[in-house]
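Novice: sequence and predicted structure are below.
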Amino acid sequence: MTIQFNEETFRDDYSFYNSDWAIKRFPFPFHEDSYMYSVNMEQHRGGPKGSVYEMRFDVDEHYVSEMRDRAMVLADDPLRCQSLPHMTLAGWDLLELIMVSKSEDYPDLFELHRDGNQWRWINKPLGIDDTFTFMDETTLPYGPMEYITRQAQGDFCVLDQRDEMLWMDAGMVTTQADWSLDFDIGMNFFEWHAPVPLAHEMGIFKRALKFLLNIQQGAPARRLNWTMTVNPLLDTSPENYHKWGIQKTTLTPENIGSKQHLRVELQSFFRLPRSNALVFPIRCYLCSFQDLMTVPKWGRRLHRVVRDLPVELATYKGFIDNRPMMLDYLEQFDDGLPTSRGVFPDLETEPPLTKA
Amino acid sequence: MSKFQFPESIKSRPVYGTLEPRPGKAHLMIADAEGAEAILDLAAQDASLMAHAHIIYIPKGTDFGDKLRALNPAQYYEGPSYDASVQRLRHVLANAHQGLQVYLTGTEGLMGQAQNEAMQAGIPHTSIQTEHRGSVARRMQCVHCKGITEDVMTDPFVCSHCGLNLFVRDHYSRRLAAYQGVCIDAEDPGNVPEPKELYT
Ligand code: HEM
């Protein structure tokens, strides 16, 4: 299918919106009526047709506007994209992975023509047609990681693997849930996860690391993570928290449906061939509460999850103060009926809301 | 002197040990303020280290200098500040031979920065020891303006660069040798709690 790209913003007037198509394919992260941290990883080998899981790097209607937003963030703060000197090879690996995947998965949007090391890359949505020499940095306008991640939705962490450990040694991070690449760069897996509550004690990070260290080339994995964001703001960075934090206090019972967004990260893990690094794309999807409520199953379930979420998690995710107002709103969409298992909307089989 | 016991914390926060004499061809000892006492203790355990020791000391207003000099280290240097000493430190590390033992002691800021220099110079981490002594002040990076404020004693504190009121996190970057400071009144501008001394 051809994608109609939205003309929209993720700041100031927040003209971001989801089409009906985007709402139905939103990666709702709760497969049951409660949530707790777990080692929730599965193979990343496609998924239902049209779902966000189908392609290796999902491209959707927000692509062009998201890339414009990324360019603005980088112009304001170039430290959002950093790569330690030993990570350049991994950058080339990543460029290759994304170019090959996108041109195979979306041939009408992207083309890659390779003649030895002479590569021609055509990105139609962004109007790019560049010829360069693979592995020769001087033939690109940016380093390889920055070049390609300015053309790919979602954040990217590139992890060096050594001493049975992963090290965050490069990244492009402009759509993050309140963590700083500039602060975390160079840290190991346990260090950058240090602020997360409960999960260390539950042994989750030890088991997750073991899994990640063994990911093989050609056998990527994925998981979902989620948080809450007031306004469809992609750049919820700690760097700018003194500017956006105040927006959390602008919720009212009248505007919460349109202002409060569920923020879901589709995180995937790919082994890179030459560098043996691991790349961790973190793709952010936003959906307003009122759009989520058009799916009866999601309305029932979101209310139950938010209501029963442990205080530690609601605090860490930054919505403990707004939780009562969220519950007042969500409660209207929970009639107490059971919900079907799994994350998909099940619109044909789930009953409509039976509450006035 | 009794040592301060840091409370249990998150996994990015460094933990420090107790310096012990180790066999080595050369011994580089870097200390500030009360860190001098840890070096005196070290010398008391094994005075023979001093024949091959280079002490780099930043007194920060204390007066342990004479006692350290009296240990007769092979080289002794007293610097007015860490920044003033760092060129010398780099030079010494760059010219270090295999078998160098590094001893870092004093404030967290000093140990963190000197440890970085040692790691960058390729000293294996197994040859670096640390021991906290003296002030529990923290070296803080403002996550907003990226400026570093040295010797922070209270939470919250005012960023010495951009003036925002910051709370003191335990999240620590070894690369920056600093903890993270984050705006405390972003969601309620002007509501800044009375600063409290750290660990009280
Ligand atoms: C190697 C790839 C990964 C990277 C680069 C990464 C990075 C991060 C970062 C930067 C944070 C924010 C920490 C903060 O508060 O400063 C985070 C949070 C978290 N990570 Fe990871 N992570 C990775 C893999 C995983 C895996 C495999 C799991 C599996 C269980 C996991 C579980 C979590 C959880 C539970 C949180 C807290 C999220 C929340 O409650 O919103 N991470 N991760």
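Specialist: Okay, I see it. Quantities reported herein were computed from a predicted structural model and do not represent experimental measurements. Numbering: from 1, shown residues only, chains lettered A, B, ... in the order given.

Novice: before we move on, what SS does residue B:66 have?
Specialist: helix (DSSP: H, G, I helix; E, B strand; the rest coil).

Novice: pLDDT wise, what is it at?
Specialist: On the pLDDT scale, residue B:66 is placed at 97.

Novice: quick check: it vs residue A:2, distance?
Specialist: Using C-beta to C-beta, to the nearest Å, we find residue B:66 at a distance of 81 Å from residue A:2. C-beta: built from backbone N, CA, C; applies to glycine.

Novice: partners of whichever strand or helix holds residue B:102, with directions?
Specialist: Using DSSP states H and E, the element containing residue B:102 is strand B:100-106. Its sheet considered, strand B:100-106 pairs with strand B:26-32 (parallel), strand B:128-132 (parallel) by DSSP bridges.

Novice: after it, which helix or strand is next?
Specialist: Using DSSP H and E, the helix or strand that follows strand B:100-106 in sequence is helix B:108-120.

Novice: so which elements touch that following helix?
Specialist: Packing partners of helix B:108-120 (3 or more C-beta pairs under 8 Å, 6 or more residues apart in numbering or on different chains; DSSP states H and E): strand B:26-32, helix B:82-94, strand B:100-106, strand B:128-132, strand B:138-142.

Novice: give the buried residues for stretch B:82-90.
Specialist: The neighbour-count check on stretch B:82-90 (16 or more other C-beta atoms under 10 Å in any protein chain shown) flags B:82, B:85, B:89 as buried.

Novice: what strand or helix carries whichever residue of chain B sits closest to the ligand?
Specialist: As assessed by C-beta to the nearest ligand atom, the ligand sits closest to residue B:171 within chain B, at 6.6 Å. If you go by DSSP H and E, residue B:171 is part of strand B:165-173.

Novice: ok, now residue A:226?
Specialist: Here residue A:226 is assigned to strand A:221-230, by DSSP H and E.

Novice: okay, now the sheet partners of that strand, with direction.
Specialist: strand A:42-43 (antiparallel), strand A:260-271 (antiparallel).

Novice: and the ligand, is the shortest one touching that?
Specialist: No. Using C-beta under 6 Å from any ligand atom, strand A:42-43 stays clear of the ligand, with a minimum separation of 11.4 Å.

Novice: can you tell me how far the spatially most central residue of chain A is from residue A:309?
Specialist: Centroid-nearest residue in chain A: residue A:283, 2.1 Å away (criterion: C-alpha atoms, centre = their mean). As judged by C-beta to C-beta, residue A:283 and residue A:309 stand 23 Å apart.

Novice: with residue B:18 instead?
Specialist: Counting by C-beta to C-beta - residue B:18 and residue A:309 are separated by 43 Å.

Novice: rewinding a little: just the C-alpha atoms of the strand holding residue B:171, please, in PDB.
Specialist: Coordinates of each C-alpha in strand B:165-173 appear next as PDB, following Å, rounded to 0.1, in the frame of the first residue of the first chain:
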ATOM      1  CA  ASN B 165      17.300  24.600  41.000                       C
ATOM      2  CA  LEU B 166      18.400  20.900  40.700                       C
ATOM      3  CA  PHE B 167      17.700  17.800  42.700                       C
ATOM      4  CA  VAL B 168      20.600  15.400  43.300                       C
ATOM      5  CA  ARG B 169      20.100  12.000  41.700                       C
ATOM      6  CA  ASP B 170      22.100   8.800  42.500                       C
ATOM      7  CA  HIS B 171      22.400   8.100  38.800                       C
ATOM      8  CA  TYR B 172      26.200   8.400  38.100                       C
ATOM      9  CA  SER B 173      28.200   8.600  34.900                       C
END
